[in-house]
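Novice: attaching a predicted model along with its sequence, questions to come.
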Amino acid sequence: MAYGLHIEREKLIELNEWQLAAQSIANLRLDESDNVSSNPRTGEVIRVPGQAGAVAIQINGEWSKVFRWHKGKVSFNAPASTSGEDPVMAAALQLAKILSAKIRGDEGEGYDGSL
């Protein structure tokens, strides 16, 4: 299971506030569509309903859903590097700044992009 990081603050992040923040960053877009995948062995199509506030990031021309808004905070899987040079972490740091929020790990530790 992946380690989660969260963009959060004392005052809950409202959905519309989150959506506006995400739309203000060039390589992010709202992507609330269903997740669809096929089982490579059986061909069975698996569909998971999309979520309000889901956001994708474009890296090397490919879009990937990364950020999930839920109950006033935004979560994402910790990237391999939590330095600000990682594109996911760089976007998370920008979002946290826009929202006057912090990035915290599952265990409450803070991330500022310096690791």
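Specialist: Right, received. Where do you want to start? Residues are numbered from 1 along each chain as shown.
Novice: next helix or strand past the helix of greatest length in the chain?
Specialist: For the chain, the helix reaching the highest residue count under DSSP state H is reported as helix 87-98. Following helix 87-98 in sequence order, the next helix or strand is strand 102-105 (DSSP states H and E).
Novice: I'd like to know which elements that next one is packed against.
Specialist: strand 4-8, helix 87-98, strand 110-111 (3 or more Cβ pairs under 8 Å, 6 or more residues apart in numbering; DSSP states H and E). C-beta here means a position set from N, CA and C on the backbone, and glycine is covered the same way.
Novice: list the pairing partners of it within its sheet, with orientation.
Specialist: Taking DSSP bridges as the criterion, strand 102-105 forms sheet pairs with strand 4-8 (antiparallel), strand 110-111 (antiparallel).
Novice: identify the residues contacting the last one?
Specialist: Meaning strand 110-111. Leu5, Thr82, Met89, Lys102, Ile103, Arg104, Gly105 (Cβ atoms under 8 Å, 6 or more residues apart in numbering).
Novice: how much space between the closest residue to the fifth one other than its chain neighbours and His70?
Specialist: Nearest non-adjacent residue to Ile103, counting by Cβ to Cβ, 6 or more residues apart in numbering: Tyr111, 4.3 Å away. When distances are taken as Cβ to Cβ, to the nearest Å, Tyr111 and His70 turn out to be 19 Å apart.
Novice: now Phe76
Specialist: The spacing between Phe76 and His70, counted by Cβ to Cβ, is 11 Å.
Novice: among the two, which residue is more densely surrounded?
Specialist: A count of neighbours by other Cβ atoms under 10 Å puts Phe76 above the other of Phe76 and His70, at 22 against 13.
Novice: what sits up against the helix or strand hosting that one?
Specialist: In this structure, Phe76 sits in strand 73-77 according to DSSP H and E. Contacts to strand 73-77, defined as Cβ under 8 Å, 6+ apart, come from residues 2-8, 12-13, 18, 53, 66-68, 88, 92, 95.
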